[in-house]
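Chemist: Quick one, what's the 3D model for this:
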Amino acid sequence: MTAVTTQFEIKPVTTPADQAAFLAVPDRVYQGDANWVKPLTSSIEKQFRPDNPFFSYGELQQFVAFSQGQPIGRIVAAINQRLIEREGQQVGLFGFFECINDAAIATALLDTACQWLRDRDMPLARGPIDLSTHNNCFFLVDGFDTPPMVMMPYNPPYYDDLMRLAGWHKAKDAYAYDLPLAQSLPSQFERACQIAEKAGITFRPLHTKGEAFEQDCRSLYQLFTTAFAHNWSSSARTEAEFMQEARELQQLVDPDVFVIAEDQGQMIGFFMGLPDYNIPLKQVNGRLNWLGILKFLWYRRQIDRGRVIAICALPAYRRKMVPLALVYLGMKGGTKKQKPYKQAELSWVFEDNLPSRKIIEASGAHITKTYRIYEKAL
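Modeler: Alright, predicted model coming up:
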C-alpha cells in the first residue's frame, strides 16, 4: 500500500462546488488507466437530484476527501428502506466509492460513511452498492486485464486491499463469464429449443418501437419482479422506475440478442443481451454533447462484443427447457452472418446461484472476472 499524502480532510457535499469536486474524483483515480471507461457524468449527477425516485424511500449523504484543495476520494452513505423491508434487517449502504491508493484516506472515508449510518441506528453496513443493486455495485477483485462491459463496474486492483485494511469482510462474490462466439454451443442447447417448441413455447425478438415496446417492457417488469424477487440485497423497483430505465435503453437494443419466450401469448421468459456500448462510450469522456454524440455514432461501428445481462424463465417452464432454449436462440441471433459479435460476456452471476452457473458453464463459458460486495458490523 502506497502512502500518497499525509494531510487531508473529509467534507460532506453541501454546495455545487462540493458536487463538482465529488464528480471530479474518478479523473484523478483513473488517470492513465487504459481499461477505465468514464461513466456519463449526467448519469451520475441525476442520481443526486431531488427528483430521483430513491428519495421517496431512502436518504443519502455524499462525502469528499480533499488534500491541498484537490479532491482525492469520495463515498456515499445511504439507507434504502425498500431493502430493509425486503431483508427484514437494518442494513445501511455505501457506494460511489473512489479513492487514490492511500489506506488512511480510504479508511477515513469508509469510517465517515459508517458513522453516518451508525447515527441512524444501522447495525450493519454493506457495499459498494450505489443506492440499489439495480445500479452500479461490486468491486472488481480479479480480472483487470480487459475493459469492463457495458453497465459493469471497474476499479483499481488495490480497492480490495483498502477494504480489508479498513476492517471489511467479503459478503458475497459474483462472476462474469466469457463465451467466444466462434465456438458452437453444445448440441443439448438446440435440442432444448426443439423440446420447448414442441411443448408449445414460442420465441420472438423484443419489440423495439411504439406501444408494442411499452407492452413488452411492462411484461418484462412483471417477470423481473417475480423471478428475481428473492435476489440477495435486491430492492424492488416500481413499474414507473423500470419503464424509465427501459426507455433510456430503447435505442440501444439489438432485438436479435433480446429474445422473448411466450406461452399462448403470455411472456414467460427472456434472454436480455446488449451490445457493448462501452466501446464507443470510452471515446466520449463522460459527455454526450454534440461532439460526444458524433464520436459515439462513429465508434459504435466498432462494437464486436456484447453482454448477456439476464436469462430468465418462470420456474414452471424450466422443465420445458426454456432457459437453454433462450441461450441457444440468443447466441444464434448474435452470430448471424451480418452480425459483428465475436465475444459474449454473461454477467453478473452470484457465486451461490448454482442453477444459473450450471447452464452458463454448460455453454462452454468460463469465469474471467470476479466481483465482491463487503459487509461490516457497526
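Chemist: Near the closest residue to residue 199 other than its chain neighbours, how many other residues are there?
Modeler: Distances taken as Cβ to Cβ, 6 or more residues apart in numbering place residue 320 nearest to residue 199, at 4.5 Å, with adjacent residues excluded. Using the backbone N, CA and C atoms, a C-beta is placed for each residue, glycine as well. Residue 320 is flanked by 22 other residues according to other Cβ atoms under 10 Å.
Chemist: Show the residue spans covered by the helices in the stretch 251-378 of the chain.
Modeler: Ranges of helices in the stretch 251-378 of the chain, per DSSP state H, counting those that start in this stretch, are 278-281, 290-299, 322-334, 354-362.
Chemist: on that earlier part again, OK, contacts around the residue nearest to residue 199?
Modeler: Shown in contact with residue 320 (Cβ atoms under 8 Å, 6 or more residues apart in numbering): 195-196, 199, 201.
Chemist: for residue 81, same thing?
Modeler: Taking Cβ under 8 Å, 6+ apart, one finds 57-58 in contact with residue 81.
Chemist: how about it, phi and psi?
Modeler: phi -70, psi -30 (degrees, to the nearest 10).
Chemist: Quick one, grab the pLDDT at it.
Modeler: In this model, residue 81 is scored at 96, pLDDT.
Chemist: ok, now residue 6?
Modeler: 64.
Chemist: ok, now the one 4 residues further on?
Modeler: At residue 10 the predicted local confidence, pLDDT, stands at 97.
Chemist: Any idea how many residues pack against the closest residue to residue 136 other than its chain neighbours?
Modeler: Leaving aside its chain neighbours, residue 136 sits nearest to residue 130 (4.4 Å; criterion: Cβ to Cβ, 6+ apart). Residue 130 has 21 neighbouring residues, counting by other Cβ under 10 Å.
Chemist: again, but for the one 4 residues further on
Modeler: With neighbours defined by other Cβ under 10 Å, the count for residue 134 comes to 17.
Chemist: still on that earlier bit, closest one of the contacts of residue 320 to residue 48?
Modeler: Nearest to residue 48 out of these is residue 201 (Cβ to Cβ; 43.5 Å).
Chemist: who touches residue 200 in this structure?
Modeler: Residues in contact with residue 200, defined by Cβ under 8 Å, 6+ apart, are 263-264.
Chemist: right, I mislabeled it, should have said residue 213
Modeler: Per Cβ under 8 Å, 6+ apart, neighbours of residue 213: 206-207, 250.
Chemist: if we go to 10 Å?
Modeler: Contacts for residue 213 (Cβ atoms under 10 Å, 6 or more residues apart in numbering) come out as 206-207, 246-247, 250, 253.
Chemist: Could you pull out the buried residues of the strand or helix carrying it?
Modeler: Using DSSP states H and E, residue 213 sits in helix 210-227. By neighbour count with 16 or more other Cβ atoms under 10 Å, helix 210-227 contains the buried residues 213, 216-217, 219-221, 223-224, 227.
Chemist: For residue 194, grab the count of nearby residues.
Modeler: By other Cβ under 10 Å, 12 other residues sit near residue 194.
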